[in-house]
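Student: A predicted structure for the sequence below; I have some questions about it.
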There are 2 protein chains.
Amino acid sequence: MPKLTFFNLSESKRKNMLEAAEKEFSRVPLFEASISNIIKTAGIPRGSFYQYFENKDDLYFFLLEEKLKERKVHFLQLLKKYNGDLIEAMTEMYQLFLKMIPDNQERSFLRNAMIYTSNKVENSFSGMIDESTQNNYFNEIKSIIDTRRFHDSDDETLKHTFKIISAVAFHNLIEKMLKETSEEEALDNFTFRMKLIKQGIYKKDC
Amino acid sequence: MPKLTFFNLSESKRKNMLEAAEKEFSRVPLFEASISNIIKTAGIPRGSFYQYFENKDDLYFFLLEEKLKERKVHFLQLLKKYNGDLIEAMTEMYQLFLKMIPDNQERSFLRNAMIYTSNKVENSFSGMIDESTQNNYFNEIKSIIDTRRFHDSDDETLKHTFKIISAVAFHNLIEKMLKETSEEEALDNFTFRMKLIKQGIYKKDC
DNA sequence: ATCCCGATGTGACATAGTGTCATGTTGTGT
DNA sequence: ACACAACATGACACTATGTCACATCGGGAT
């Protein structure tokens, strides 16, 4: 979190600061962004930066929060538009994000954040399971799994199902790591999710 | 990917290099790890490092791949142990990961990788939706959603369901960003996943 | 055995970035 | 008009990165 000093700043100085930061974080992802560039753009001395923020990450994640707040507002608007249909709303949101992806897109803070995040996720734990669809790993798994448990047991469905399970499991693994208070709690939660995946949200018991 | 020079190295030199890297990446997460420490531990000159690798990331992600290969082998063993029951296997895997979490745990490469990843994911897109369970955002969404669509429409179930949907959607959004060849393809895939979430993997049609 | 040459090893160096700190400046309450 | 805390400033110490000119190795040709 930025220091108190930052919040005591005048509206215009704060805005100036955040704009300079957004410019730099739009240019390159967090890792390559430099404080030097930010203070140059903002026209403030080095020392002042450290009067306001702990370090580069502090500023970055504060700015990210701000941007995500805007997205939340937007998502609520979408929900209203689709009369509360979560799937519809998320589908539209998803489409909007997809538009950011192509290489010829303009650089933006959120675009860089997505690329940054996706690289990490891609390269880290999701890759552990997701790659399964591309290589022998999946086939090996398939030969072990009793496919008769799935109603649509063709390859494609199985692949997708597997990806959902892995996606949820590992995404939540990571999420839970930070939030859950105990292992028991985390495990209960996980088991519950697994049950929901099997049963779906429309079906009561299986 | 490491340079050819690295693969031409003798078994022992390569091992020495990777061990030094693992030591450093176990000490601190990628961001704070320094090449200087690695070459000091490995006892090789600076220039040699750049003869083998592009940069720090190159080495890191190569090592990560190696570690994940071990996990994959392990996961296959778990699947066999549970006669192909995916849920069971993933649950045990999940428990193992959970054991890595507590603060008093020994530092390890994978532990740091998890922390690194989770910080990024946590702070980036997953946070956009997941926070929903903690603040008014969720309640606002709940008031918009037609809860009658869910059989178990109590708050907890709805919350969990919502988290699953958001987790899958955003995890896969990120995953897809890098892998999908076209927007259409990505969207089809997404729609399919949404359908599966609604229906579950045991139920044919809804 | 000697030479040659590409592959590999080496570490000083140029460059750049971070975070700190001693000192200067501002502003507000008394 | 004074005091004192909050804030501003930029030189500096420190650390890291990636490069490059030069040294060394090793195996095939003569």
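Tutor: Sure thing, it's come through.
Student: which bits of chain A sit near DNA strand C?
Tutor: Neighbours of DNA strand C within chain A, by Cβ under 7 Å from any atom of the strand: A:34-37, A:46-47, A:50, A:55-56. For glycine as for every other residue, the C-beta is placed from the backbone atoms N, C-alpha and C.
Student: how about those residues in a markdown table, adding pLDDT and neighbour count?
Tutor: A markdown table is the format used below for those (pLDDT from 0 to 100; neighbours: other Cβ atoms under 10 Å in any protein chain shown):
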| residue | pLDDT | neighbour count |
| --- | --- | --- |
| A:S34 | 93 | 12 |
| A:I35 | 94 | 16 |
| A:S36 | 95 | 11 |
| A:N37 | 95 | 17 |
| A:R46 | 95 | 11 |
| A:G47 | 95 | 8 |
| A:Y50 | 95 | 15 |
| A:N55 | 91 | 10 |
| A:K56 | 89 | 18 |
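Student: narrow these to those in helices?
Tutor: Of those, the ones assigned to helices by DSSP state H are A:35-37, A:46-47, A:50, A:56.
Student: turn these into TSV, including distance to chain B.
Tutor: Output for these, formatted as TSV (distance: Cβ to the nearest Cβ, whole Å):
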residue	distance to chain B
A:I35	14
A:S36	18
A:N37	18
A:R46	21
A:G47	23
A:Y50	18
A:K56	10
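Student: nearest to A:E22, of the residues you listed?
Tutor: Lowest distance from A:E22 to these (Cβ to Cβ) belongs to A:N37, with 12.0 Å.
Student: pull the contacting residues for that closest one.
Tutor: Each residue near A:N37 by Cβ atoms under 8 Å, 6 or more residues apart in numbering or on different chains is listed here: A:24, A:27.
Student: of all the ones in helices among the residues of chain A next to DNA strand C, which two lie farthest apart?
Tutor: Top of the distance list for those (Cβ to Cβ): A:N37 and A:G47, 16.5 Å.
Student: in what helix or strand does A:L30 lie?
Tutor: If you go by DSSP states H and E, A:L30 is not part of any helix or strand.
Student: distance of it relative to B:S108?
Tutor: Per Cβ to Cβ, to the nearest Å, A:L30 is found 24 Å from B:S108.
Student: between these two, tell me which one has more neighbours.
Tutor: Using other Cβ atoms under 10 Å in any protein chain shown as the criterion, A:L30 and B:S108 rank with A:L30 on top: 21 against 14.
Student: quick check, pLDDT for that one.
Tutor: On the pLDDT scale, A:L30 is placed at 78.
Student: ditto for A:L59
Tutor: The model's pLDDT for A:L59 equals 91.
Student: which residue is the nearest non-sequential neighbour of it?
Tutor: A:F53 (4.6 Å; Cβ to Cβ, 6 or more residues apart in numbering or on different chains).
Student: give me phi/psi at that neighbour?
Tutor: phi -130, psi 150 (degrees, to the nearest 10).
Student: what is the neighbour count of A:A42?
Tutor: Neighbours around A:A42, by other Cβ under 10 Å: 19.
Student: so which helix or strand takes in the nearest residue in space to it that is not next to it in sequence?
Tutor: In space, and not counting its chain neighbours, A:A42 is closest to A:A20: 3.7 Å by Cβ to Cβ, 6+ apart. Mapping A:A20 onto the secondary structure by DSSP H and E places it in helix A:11-27.
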